[in-house]
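> Next input, structure requested:
(chains A and B)
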Amino acid sequence: MKYLIGLTLFAVSFGAAAVPEIQHWRTENGARVYFVEAHEIPILQLSIAFDAGSARDPASRSGLAHLTSLMLDEGAGKLSSDAIANRLDSVGAEFGSNNGRDMSVVDLRSLSDPKILDVAVGVFAEIVANPKFPEDALGREKDRALVRLAQKKQSPQEVVQTEFYASLFSTHPYANPAEGDEAGVKALTRADLVAFHKRYFTGGNAVVAIVGDLTRRDAERIAATVVGGLPAGSAPPPLASVKALEKAKEKSIEFPSSQSHVLLGQTGITRGDPDYFPLYIGNYVLGGSGLVSRLSVEIREKRGLAYSVYSYFLPMRELGPYLIGLQTRNDQVSLAVAVVQDTVERFVAEGPTEAELEAAKKNLTGGFPLKLDSTKKIAANILNIAFYGLPLDYLNTYTENIERVTRDQVRDAFKRRVDPKRLVRVIVGDQNA
Amino acid sequence: MARRSVLAILVCMTGLVMGTGSAAALQPDQQVIEKTLDNGLKVLVKPDHRAPVVVSQVWYKVGSSDEPAGLTGLSHVLEHMMFKGTQELGPNEFSRIIAANGGRENAFTGRDYTAYFQRIASGRLEICFRLEADRMQNLKIEEEEFRKEVEVVKEERRLRTDDRPESLTYEKFMATAYREHKYRNPIIGWPQDLESMTVKDLRDWYEKWYAPNNATLVVVGDVEPEVVFELAQKHFGPIERRKVAPRANEAEPEHGGPRRVSVEAPAQVPYLLMGYRVPVIENADSDDWEPYALEILAYILDGGKSARLSTELVRNQQIVSSVGAGYDPTARAATQFLFDANPNPGKNIANVERAIRAEIKRVQTDLVSDQELARVKAQIVANKIYERDSVFYQAMKLGGLETVGLDWRLEQKMTERLRAVTAEQVKKVASKYLVDQNLTVAVLVPGAKSPAKES
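Next up, the predicted model:
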């Protein structure tokens, strides 16, 4: 029981408005800091995001951002990999690092007791600023990364995702997996990691989110410490823009599985896109509301074709994907795809009904406090707001922005942004079944 | 990490979203108030006023380990059918009402329990109670809905087990580790049982177990206990107590030496799963220290990156790409102390098993160091505080303990008991239980049919 961490949800109080008050400042080396004070529990959640996701991987080095992220705590400053692990574990602190396509993130969770926090923050600051990337550890972590890439190949879910991004984004860096590919990982050298870290792990390229049991003064001191070892540097130039999909693309991959995994979709939206709210609400109705979405009703409720069917926009720095996914017994895949196609076409043509729109708004506004019921979620929310340059009152105006969306706006936005006749379609499964 | 991956398999979830000011605190936070209604429904409330949200969970004392041969998967299919309508509500209407109130809902079935939950703004708790009380007594299980839903469950089985080589290995592991006890059966059921299951089986199962006196209602969040008890009385109070048979808990014969099984599947990477049969906490008040010592042992081996398995097998010897150890001391019957690992390229399963056994030998031979023990205890204290950050998790713990027959008060004693464990006790449990007499090993052998070809 106690390890069911995936289900864990958190809650922090932010007074009557249920929206955290975000304090903002810059460190001397230019890092932007966003802080929410919450004293109910003596803990701290700290995250730093760098514009250093896999979209920054050089062409022949797919996996560089990922390995850099993995190698941060494998020796830093005067501390060995073992010494780092020992120090953090001995005070019950938790360090994490990961990367997506847009960003690389380092996290720290610690008790706020100053004696403990000083140890945790001290180690964390070294990890962020002075990683050593030792050769032997790099060899080992490359091997481990290659095993995980091999494991992805045994999962039809992973195979369909990888292939979908490759087909949709074609020559754009978003086409590559955040974890890189075999050739890229194999080619990586220590010098690649050192250069990547030097270029992208800078104050000017960092966003820091801190949530927890700290005063503003302590938060300022901690922020200055965790990024203090970084040069000022600058943000990298913008990524190339994503080209809209010109025509439909279909791909089938033979896989020895009992189900076929299907992904349909096209290019979607950026963070801060003017169509964000109409599309978000529309998608809630179409495939974003679990058991009650149109897709779930058609595929699962009425026909029992799949356990899971869903759709979502993943807004990114440049146009992220719009995805519709399901998995079904191999011999039912044509039927399932036809039902999805029909459901999407009908939705794009007609938009939501008035009742559907109302139900969506009630869910999204009524459920708003649940979006912020964890220190981790609050930190992730403010990190996203800051990283993507959304207005600082984004959370305060969220409910209002949902409320004011009309049926016409949803229908209009879907018509302009989702063309059901021009989709990428990838199917992974046993086609002879 | 084994703890996470293995336990994730133990729990089957249905539902698929894989995707105001606090009231003055009359009742201090972090205190559990218990009340049992006249019909036997136990209600546990833990106020937590940090955010205007609440989690409501209904736990039934029935899970896959209660299922007779030939009817495996029944508890989980019934869990799905609980969303398919009552005398009052049509199929899926439960979910629509919760969604329209801004709520999130789901349900999960384990070997020892079936549970349903909603997370919602705290002012809307009564809606959850009304709906849960309705489906506790008025469920309508219709043939047509069942026919469709059992197909959904078969798809779920394909997704979670059949097409996942490591899950398949775990399923075979459990079926090998237990001969008599129903822990040997998968929660989601064997495929042939899902084929033969009937609507009558489900109706009987519902009649047999879904009674207020076989359930626990757990509420954690921005609420006052007295108000919760009143609402519980109003909605659940009128439901009649029913006779519920005692739960089966088959005696498992002596393990009698190592058992091995291998699973061939279209995989790329071999996988090793080793488990030793170990005891669980029998009684919340018992002074039996062994389960607590086993849990400390799990931390010594796999409590963070500085723990022994990661330090030795991943970083020093570089034999594995991943490794974990885990133990859950709360279950209705003897459980497994698990190890799992994937070998690095150039290493094989035998290398990995030997290395894990060497680490076991070490904890059996030498006392763990004071420094390691201090580290583990610091982590336990920290985790205890991190847990307070999650209303959902707090509710999970209370409901889980109660449903396996342990007093929820154990939750508050657990940390103290873990902190009392000595290095000698860790050595003793390792020597007593992590022995071949108790061992089961399952190995995933990547098969000839290898993925994936383009066309």
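
> contacts and neighbour counts: CA atoms only from here.
Fine.

> what mean pLDDT does the host helix or strand of residue A:149 have?
Per DSSP states H and E, residue A:149 falls inside helix A:135-153. Averaging pLDDT along helix A:135-153 yields 97.

> So what touches that helix?
Identification of contacts with helix A:135-153 by CA atoms under 8 Å, 6 or more residues apart in numbering or on different chains yields A:67, A:70-71, A:74, A:158-159, A:179, A:181-182, A:185-186, A:190, B:267-269, B:315, B:318, B:321-322, B:344-345, B:451-452.

> Do you have the strands of the chain handy? List them.
I went with chain A, as the question did not name one. Using DSSP state E, the strands of chain A run over residues A:23-26, A:32-37, A:43-50, A:94-99, A:104-111, A:206-212, A:249-254, A:259-267, A:309-313, A:321-329, A:424-429.

> Sorry, I should have been clearer: chain B.
Under DSSP E, chain B gives strands at B:12-14, B:33-36, B:42-47, B:53-60, B:104-109, B:114-121, B:215-221, B:259-265, B:271-278, B:320-326, B:335-343, B:439-446, B:453-454.

> Format those as CSV; extra columns: mean neighbour count.
Listed next are those as CSV, based on neighbours: other CA atoms under 10 Å in any protein chain shown:
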stretch, mean neighbour count
strand B:12-14, 21
strand B:33-36, 15
strand B:42-47, 24
strand B:53-60, 26
strand B:104-109, 23
strand B:114-121, 24
strand B:215-221, 28
strand B:259-265, 17
strand B:271-278, 24
strand B:320-326, 25
strand B:335-343, 24
strand B:439-446, 23
strand B:453-454, 11
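
> which ones are touching the residue nearest the centre of chain A?
In chain A, the C-alpha nearest the mean C-alpha coordinate belongs to residue A:100, at 6.1 Å (CA atoms, centre = their mean). Applying CA under 8 Å, 6+ apart, one finds that residue A:100 lies in contact with A:53, A:54, A:178.

> wouldn't residue B:311 be in contact with residue A:82 here?
Yes. Applying CA atoms under 8 Å, one finds residue B:311 in contact with residue A:82, separated by 7.3 Å.

> for the chain, which spans come out with low pLDDT?
Going with chain A. Residue ranges of chain A with pLDDT under 70: A:1-18.

> looking at chain B here, not the other one
Checking chain B against pLDDT under 70 turns up B:1-29, B:448-455.

> Can you give me the domain assignment for it?
Residue ranges for the domains of chain B, per automatic domain parsing: B:2-236, B:259-446.

> about what we covered before: could you tell me the angle between the helix holding residue A:149 and strand B:335-343?
110 degrees (axes from the mean of the first three to the mean of the last three CA atoms, to 10 degrees).

> residues of helix A:135-153 that come out buried?
Judged by neighbour count (16 or more other CA atoms under 10 Å in any protein chain shown), helix A:135-153 contains these buried residues: A:137-138, A:140-153.

> that older thread, how about TSV for the strands of chain B, with distance to residue B:234 added?
Putting the strands of chain B into TSV (distance: least, CA to CA, whole Å) gives the following:
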stretch	distance to residue B:234
strand B:12-14	28
strand B:33-36	13
strand B:42-47	13
strand B:53-60	16
strand B:104-109	22
strand B:114-121	19
strand B:215-221	14
strand B:259-265	52
strand B:271-278	43
strand B:320-326	42
strand B:335-343	39
strand B:439-446	50
strand B:453-454	60
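
> Dump the ones you listed to a markdown table, plus distance to chain A.
Output for the strands of chain B, formatted as a markdown table (distance: least, CA to the nearest CA, whole Å):
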| stretch | distance to chain A |
| --- | --- |
| strand B:12-14 | 8 |
| strand B:33-36 | 20 |
| strand B:42-47 | 12 |
| strand B:53-60 | 7 |
| strand B:104-109 | 8 |
| strand B:114-121 | 7 |
| strand B:215-221 | 9 |
| strand B:259-265 | 9 |
| strand B:271-278 | 10 |
| strand B:320-326 | 5 |
| strand B:335-343 | 8 |
| strand B:439-446 | 10 |
| strand B:453-454 | 4 |
